[in-house]
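A.B. asks: Mind looking at a prediction? Sequence and model below.
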Amino acid sequence: MDTVNEFEYEKVDCILKSRALSSITLPLFALERFLKNHSKDERESLFAFHKERIHSFITLLETNKFTEIIRLPEYSELIDKNIPVGFTVFTGNPVYYDVFTFRAQLENIISLLKHHPNYTVFIAENINDDLTIYSKENIGLIVMKYSSPSISFAINEPFMTQAFWDYLKINSPHSSSSADFRSQTIDKINEYIKGLKDL
């Protein structure tokens, strides 16, 4: 967690690719639901950690670009609780989205898109691997796997950092920062949310 805090404090452009949603946009109240089976000390520590992450994230958006590459899973994957929450790598125990928390996070993403021009989202159709790649330009990257056994590792070797950055840039279209693209993304997410309400 110290490594993540140090990484997220750096104010440079970011690209984050996830199998579904990343943990950075998870609302605090949703995190509370996932931590209900943890001890009081663990809950307080993880809650404070995520609160600091959110603060760093919002501060970053004032000056730098943050692009997320996400996938909207099949509804059946949510019903069967097959989508692990990104916080798994910090808790050590696998936790999975339910429909309520997934919808809450999508609604938070829409709010971020509406209020922070430096935040953009690209909805990919072909993310099949189980890795989350979190890259900061010229700084380094963190690679995480949420499914059991969850793992994470950090890299700051310059050539590796550049290689992963270039890979993620290829997977995030240049048009993703335009107003029209942003509006289309919000419409796609809202349409997906409508389907969740029928589950």
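C.D. replies: Sure thing, it's come through.
A.B. asks: now the helices for this protein?
C.D. replies: With DSSP state H as the criterion, the chain has helices at 2-9, 28-34, 40-61, 75-79, 88-91, 99-115, 158-170, 179-196.
A.B. asks: Would you tell me which one of the ones you listed is buried the most?
C.D. replies: helix 88-91 (a mean of 20; mean count of other Cβ atoms under 10 Å). Quick note: C-beta positions are derived from backbone N, CA and C, even for glycine.
A.B. asks: thinking again about what came up before, out of the helices of the chain, which comes closest to I133?
C.D. replies: Closest to I133 of the helices of the chain, according to Cβ to Cβ: helix 158-170, at 6.2 Å.
A.B. asks: For that closest one, give the mean pLDDT please.
C.D. replies: Averaged over helix 158-170, pLDDT sits at 93.
A.B. asks: Please compute how far that helix lies from its chain's middle.
C.D. replies: 18 Å (Cα atoms, centre = their mean, to the nearest Å).
A.B. asks: ok, and what's touching stretch 129-143?
C.D. replies: Contact partners of stretch 129-143, identified using Cβ atoms under 8 Å, 6 or more residues apart in numbering, comprise 3-4, 7, 10, 12-19, 22, 86, 144-147, 152-156, 158, 160-162, 164-165, 167-168.
A.B. asks: now I133, which residues is it bridged with?
C.D. replies: Using DSSP bridges, the bridge partners assigned to I133 are K17, V143.
A.B. asks: Which pLDDT value goes with it?
C.D. replies: With respect to pLDDT, I133 scores 94.
A.B. asks: Use 53 as the first number from now on
C.D. replies: Yes, from this point I'll number from 53; that puts the last item at I185.
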